[in-house]
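**Student:** Structural data only, the sequence is not supplied:
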């Protein structure tokens, strides 16, 4: 357990991607089974411990210390696992010399029932060191928040075995913790695991953003253009009667979209965009959000927001792997295949005709539908390659909208930002002249540099007028306030917000220390953009 705790500590404190990869690879190489496999499952989100929930953890802490003191401690530290591991009282006696293994800890937690879960967890925390407590709490609360994605963990596995990460991803959904067969193959002790599962995920091909000077080096005749739809990237795979809908990261989201899964009566792997509504009257991303992150979807929701897939690539038909074919041939096969599918659930993403980059830029700037966020460029001769190769695919998004807003609230961040107020709620002016008030229109926590973060953090501390737990309300009126230039992709109407609008992907693009708060934008500016 101490080795796993040490790994988490070092991952939290290591900012670079390559540094994290080295830590993970060294851990997988030096730690025995099944501990390394269980650590991998915890990092990728595939380790389930049902008997303990975060609310139980809070109850256990409050039974052992003053709740107000715990509240202040949590406010200061900013991370639940770190706070509890530090304030947990050490029972009389010495900590046992032998630390339990990760496998022993997981076995105890998974064997516990909901009723005895708190007792089992308390016993483990009593006998653990501070760093081990931190690791145990991270296990039971789910998301580790250590700056490591499932993709990065799989890359570390690929580095361990000197194989392509695409091989790991294609096998992944047929594997189960603690992955003994996978590690044996990567270390050259066994054959490659067989692909025994049906309807497996294929690693997706990603695009690069068009940068300054990129188009000047490209010949328009070499590329096809498509609209970039504002939905979520999915992969629909049906194999041997097994139907699965995957997100771009390989998560199975079929359960949230049973209406679409029911229409997947084919033998193929399709790549495309998940949208809601009717293919002839597509709904907004706000409509799509009504279907996301739901464990179950009622018939009423399915009827109000029916799901469909706008297809733009085909990876496999029957037993034939099409990824090695050039895009032009795959597109032809896709056009024929989509005609055989339910037109209310599947349609074809149309190509955009253009003669030169100037023409395409005009189309990109004024697309024919509000849920189009730009264009995609794909080389006619490109095979379907896993990852983000430079050159075959580009995304050319619309220029973001910007608005000048006033900082209203600030909240502490997590992880390495737990000492800073780094999450910002901002608003614009509303109401008649002389009685204006700020109404919140969004929240952002990125877009600024580390130096700017320090400047904003100091401003928040110097201008706090109220505190609400980890949140501070800062001085924001017509005479004083920090103006933030906020960039965002679009707007949606919202009944949950007082302003009536919700921003899509807001980020801080500039600090306007030079601009008086009274000159920030008004809600009418956003409403006009929404109406247009």
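**Tutor:** All right, it came through fine. Remember, predicted model here, so these are calculated numbers, not experimental data.
**Student:** What ranges does the stretch 201-350 of the chain have for its strands?
**Tutor:** Ranges of strands in the stretch 201-350 of the chain, per DSSP state E, counting those that start in this stretch, are 208-209, 223-229, 232-239, 242-247, 268-278, 281-282, 307-317, 320-321, 346-348.
**Student:** The ones you listed: lowest mean pLDDT?
**Tutor:** Of all these, mean pLDDT reaches its minimum on strand 281-282 (a mean of 78).
**Student:** contacts for that one?
**Tutor:** 229, 275-276, 369, 371 (Cβ atoms under 8 Å, 6 or more residues apart in numbering). All C-beta atoms are positioned from the backbone trio N, CA, C, and that covers glycine.
**Student:** Stretch 171-184 now?
**Tutor:** Where contact means Cβ under 8 Å, 6+ apart, the residues beyond stretch 171-184 that reach it are 28, 33-38, 40-41, 46-47, 103, 154, 157, 168, 190, 192-197, 200-201, 244, 250, 252.
**Student:** what comes up buried for it?
**Tutor:** Across stretch 171-184, burial judged by 16 or more other Cβ atoms under 10 Å covers 171-173, 175, 177-179, 181-183.
**Student:** Tabulate those in CSV, adding columns for secondary structure and distance to residue 330.
**Tutor:** Below are the buried residues of stretch 171-184 laid out as CSV (DSSP: H, G, I helix; E, B strand; the rest coil; distance: Cβ to Cβ, whole Å):
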residue, secondary structure, distance to residue 330
171, helix, 23
172, helix, 24
173, coil, 23
175, coil, 28
177, coil, 35
178, coil, 38
179, coil, 33
181, helix, 33
182, helix, 30
183, helix, 35
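**Student:** And those residues, which is closest to residue 297?
**Tutor:** Closest to residue 297 out of the buried residues of stretch 171-184 is residue 173 (22.0 Å), distances taken as Cβ to Cβ.
**Student:** ok, and what's touching stretch 441-454?
**Tutor:** For stretch 441-454, the surrounding residues in contact (Cβ under 8 Å, 6+ apart) are 403, 405, 413, 417, 420, 422-428, 456, 484, 486-488, 497, 499, 501-503, 506-509, 511, 523, 526.
**Student:** so of these, which ones are in helices?
**Tutor:** Among the contacts of stretch 441-454, the members found in helices (DSSP state H) are 456, 523, 526.
**Student:** For the last one, give me the pLDDT.
**Tutor:** So the one you mean is residue 526. On pLDDT, residue 526 comes in at 90.
**Student:** Neighbour-wise, give me the winner out of the ones in helices among the contacts of stretch 441-454.
**Tutor:** residue 526 (24 neighbours; other Cβ atoms under 10 Å).
**Student:** what's that residue in contact with, if anything?
**Tutor:** The contact partners of residue 526, taken as Cβ under 8 Å, 6+ apart, are 403, 428, 441, 491, 499, 501.
**Student:** tell me which element the third one falls in.
**Tutor:** Residue 441 is part of strand 437-444, with elements assigned from DSSP states H and E.
**Student:** So in that sheet, which strands flank that strand, and in what orientation?
**Tutor:** Partners of strand 437-444 in the sheet, by DSSP bridges, are strand 421-430 (antiparallel).
**Student:** which outside residues touch the strand it pairs with?
**Tutor:** 403-413, 436-445, 453, 456-457, 460-461, 472, 476, 484, 486, 499, 508, 520-523, 525-526.
**Student:** Across the sheet, point out what pairs with residue 208.
**Tutor:** What pairs with residue 208, by the bridge criterion (DSSP bridges), is residue 394.
**Student:** isn't it right up against residue 396?
**Tutor:** No. Using Cβ atoms under 8 Å, residue 208 is not in contact with residue 396; the gap is 10.2 Å.
**Student:** okay, these two: which has more neighbours?
**Tutor:** residue 396 (19 against 15).
**Student:** Centre of the chain to the helix or strand containing that one, how far?
**Tutor:** In this assignment (DSSP H and E), residue 396 forms part of strand 393-397. Computed by Cα atoms, centre = their mean, to the nearest Å, the chain-centroid distance of strand 393-397 equals 20 Å.
**Student:** for stretch 417-433, same thing?
**Tutor:** Remark: stretch 417-433 is offset 23 Å from the chain centroid, using Cα atoms, centre = their mean.
**Student:** Okay, now the unreliable bits of the chain?
**Tutor:** Residue ranges of the chain with pLDDT under 70: 93-98, 143, 195-196, 414-416, 418, 532.
**Student:** how much space between the residue nearest to residue 326 when sequence neighbours are not counted and residue 289?
**Tutor:** Leaving aside its sequence neighbours, residue 326 sits nearest to residue 381 (Cβ to Cβ, 6 or more residues apart in numbering; 4.5 Å). Going from residue 381 to residue 289 by Cβ to Cβ, to the nearest Å gives 37 Å.
**Student:** Buried residues, stretch 428-440. List them.
**Tutor:** Buried-residue list, stretch 428-440, by 16+ other Cβ under 10 Å: 428-430, 436, 438-440.
**Student:** I meant stretch 292-301, not that one.
**Tutor:** In stretch 292-301, counting by 16+ other Cβ under 10 Å, buried: residue 297.
**Student:** what do you get for stretch 232-241?
**Tutor:** Neighbour-count burial for stretch 232-241, counted by 16+ other Cβ under 10 Å, picks out 232-239.
**Student:** Show me the protein divided up by domain.
**Tutor:** 2-141, 208-397, 401-531 (automatic domain parsing).
**Student:** what distance separates the start and the end of the second one?
**Tutor:** Using Cα to Cα, to the nearest Å, one end of domain 208-397 lies 11 Å from the other.
**Student:** can you check stretch 108-126 too?
**Tutor:** One end of stretch 108-126 to the other measures 14 Å (Cα to Cα).
**Student:** Identify each buried residue in it, please.
**Tutor:** Going by neighbour count (16+ other Cβ under 10 Å), the buried part of stretch 108-126 is 108-109, 112, 117-118, 120-122, 124-125.
**Student:** I figured residue 477 was touching residue 465, is that so?
**Tutor:** No. Contact between residue 477 and residue 465 fails when scored by Cβ under 8 Å: they sit 9.8 Å apart.
**Student:** higher neighbour count, the two?
**Tutor:** Neighbour comparison, residue 477 and residue 465: the larger count goes to residue 477, with 13 against 10 (by other Cβ under 10 Å).
**Student:** picking that back up, now for the buried residues of stretch 428-440, which pair is the farthest apart?
**Tutor:** Most distant of those, by Cβ to Cβ, are 436 and 440, 14.3 Å apart.
**Student:** ok so, going back, and residue 78, which of the strands of the stretch 201-350 of the chain is closest to it?
**Tutor:** strand 242-247 (28.7 Å).
**Student:** Tell me the helices and strands packed up against the closest one.
**Tutor:** Judged by 3 or more Cβ pairs under 8 Å, 6 or more residues apart in numbering; DSSP states H and E, the packing partners of strand 242-247 are strand 232-239, helix 258-262.
**Student:** Can I get those in a markdown table including distance to residue 150?
**Tutor:** As requested, the helices and strands packed on strand 242-247 are arranged in a markdown table below (distance: least, Cβ to Cβ, whole Å):
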| stretch | distance to residue 150 |
| --- | --- |
| strand 232-239 | 15 |
| helix 258-262 | 22 |
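**Student:** To residue 516, which of those lies closest?
**Tutor:** Using Cβ to Cβ, the helices and strands packed on strand 242-247 put strand 232-239 closest to residue 516, at 40.1 Å.
**Student:** Check what contacts the closest one and list those residues.
**Tutor:** 198-202, 204, 243-248, 253, 260, 264-274, 288, 292, 309, 315.
**Student:** and those, which are buried?
**Tutor:** Among those, the ones that count as buried by 16+ other Cβ under 10 Å are 199-202, 204, 243-246, 253, 260, 264, 266, 268-274, 288, 309, 315.
**Student:** and of the ones in helices among the contacts of stretch 441-454, the nearest to residue 135?
**Tutor:** Using Cβ to Cβ, residue 456 comes nearest to residue 135 of these, at 32.2 Å.
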